[in-house]
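Colleague: sequence first, then the predicted structure:
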Amino acid sequence: MAPGTNTMTKDPILKVEHLSMRFGGLMAINDLSFEAYRGDITALIGPNGAGKTTVFNCVTGFYKPTMGMITMRQKAGKEFLLERMTDFEVNRDAKVARTFQNIRLFSGLTVLENLLVAQHNALMKASGYTILGLLGLPTYKKAAAESIDIAKYWLEKANLIERADDPAGDLPYGAQRRLEIARAMCTGPEFLCLDEPAAGLNPRESLALNELLRSIRKDSGASILLIEHDMSVVMEISDHVVVLEYGQKISDGTPDHVKNDPKVIAAYLGVEDDEVEEVIEEIEVIAEGEGPQGGAHS
Ligand SMILES: Nc1ncnc2c1ncn2[C@@H]1O[C@H](COP(=O)(O)OP(=O)(O)OP(=O)(O)O)[C@@H](O)[C@H]1O
């Protein structure tokens, strides 16, 4: 249990146990264990190259880990061993959706069409996988109407309803990021993995993103795991933070707990743990010197 979290109410949706991932001679993830709790926004942070994306790729079925177990337990109690599943099965069966560091939308399709394509699997199932089904089956017509309702719901949430008929490629960058998240939500995930959702956003777009993520947590009940470099986003919206360095966990707890953890400060400053205090003192002296009354420029 992560320090600072309430032991009475926390129910793990994801358990990562002794995960290791080797690329040739490089141990990118080394015996990593952590949990993400149901209903929480969990942030996975760490310096460049710490192994965050590798963990994401293992959780979402893009990589087969060298060792370890990744268990996802759905609300209804059904468990899935994600390390044994393909990316497609992780999404379809375990109900884990993801976004990527680089935006991957169909830029020539409209905003609405992007959300309908995401629901293609459910629509094909309703058609009975036949052309006649596509043309006339009542189950298909019902599913098609439902998928438009779901798309509209997420367009409202992402504040994109007015752009529904515009090509996705015409949207500003921050709106494209929200569209990607809306598209992932249209697949009905219980667990949403977001790879650097705030990257490249301006402060206004960042606020809109925070609002969308909070509303996903509150209204859909989906749990969120996100990789993020923007500490203001992490500290603002996360319930729980896991910190990696060189493929290992160095801290795990509430945002306040990890923010004040000397190991985390050392990792971000790139110094040894026992040098943290000294470096912070030095930084404070420099900051005082740079201040309005400071002597650096006087
Ligand atoms: N497919 C791969 N083949 C070989 N090495 C890889 C592969 N993917 C990642 N690595 C290496 O594994 C280590 C962890 O990389 P990873 O991308 O997971 O880190 P990260 O924490 O996401 O970094 P960043 O914050 O820069 O995105 C790095 O040293 C990286 O070069």
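Modeller: It's in.

Colleague: does residue 264 touch residue 242 like I think?
Modeller: No: contact criterion CB atoms under 8 Å: residue 264 and residue 242 do not qualify, at 10.7 Å. Backbone N, C-alpha and C define where each C-beta goes, glycine included.

Colleague: so these two - more neighbours on which side?
Modeller: residue 242 (26 against 22; other CB atoms under 10 Å).

Colleague: show me the contacts for that one.
Modeller: Contact analysis of residue 242 by CB atoms under 8 Å, 6 or more residues apart in numbering lists 2, 34, 42-45, 249, 251-252.

Colleague: could you redo the last one with a cut-off of 10 Å?
Modeller: Applying CB atoms under 10 Å, 6 or more residues apart in numbering, we find residue 242 in contact with 2, 16, 32-36, 42-46, 52, 55, 225, 249-253, 258.

Colleague: does the ligand have contacts with the helix or strand where it lies?
Modeller: Secondary structure assigned from DSSP states H and E places residue 242 in strand 240-245. No: remark: strand 240-245 sits outside contact range of the ligand, by CB under 6 Å from any ligand atom, the gap being at least 6.6 Å.

Colleague: and stretch 20-27, by the same measure?
Modeller: Yes: using CB under 6 Å from any ligand atom, a contact is recorded between stretch 20-27 and the ligand, made by 23, 26.

Colleague: between residue 264 and residue 242, which contacts overlap?
Modeller: With contacts taken as CB under 10 Å, 6+ apart, the residues that reach both residue 264 and residue 242 are 45-46, 250-251, 253, 258.

Colleague: wait, which of the residues you listed is closest to the ligand?
Modeller: Distances from those to the ligand were compared by CB to the nearest ligand atom; the smallest belongs to residue 46, at 5.5 Å.

Colleague: how about the closest one, nearest residue that isn't a chain neighbour?
Modeller: Taking CB to CB, 6 or more residues apart in numbering, and ignoring the residues beside it in sequence, residue 46 has residue 244 as its nearest neighbour in space, at 3.7 Å.
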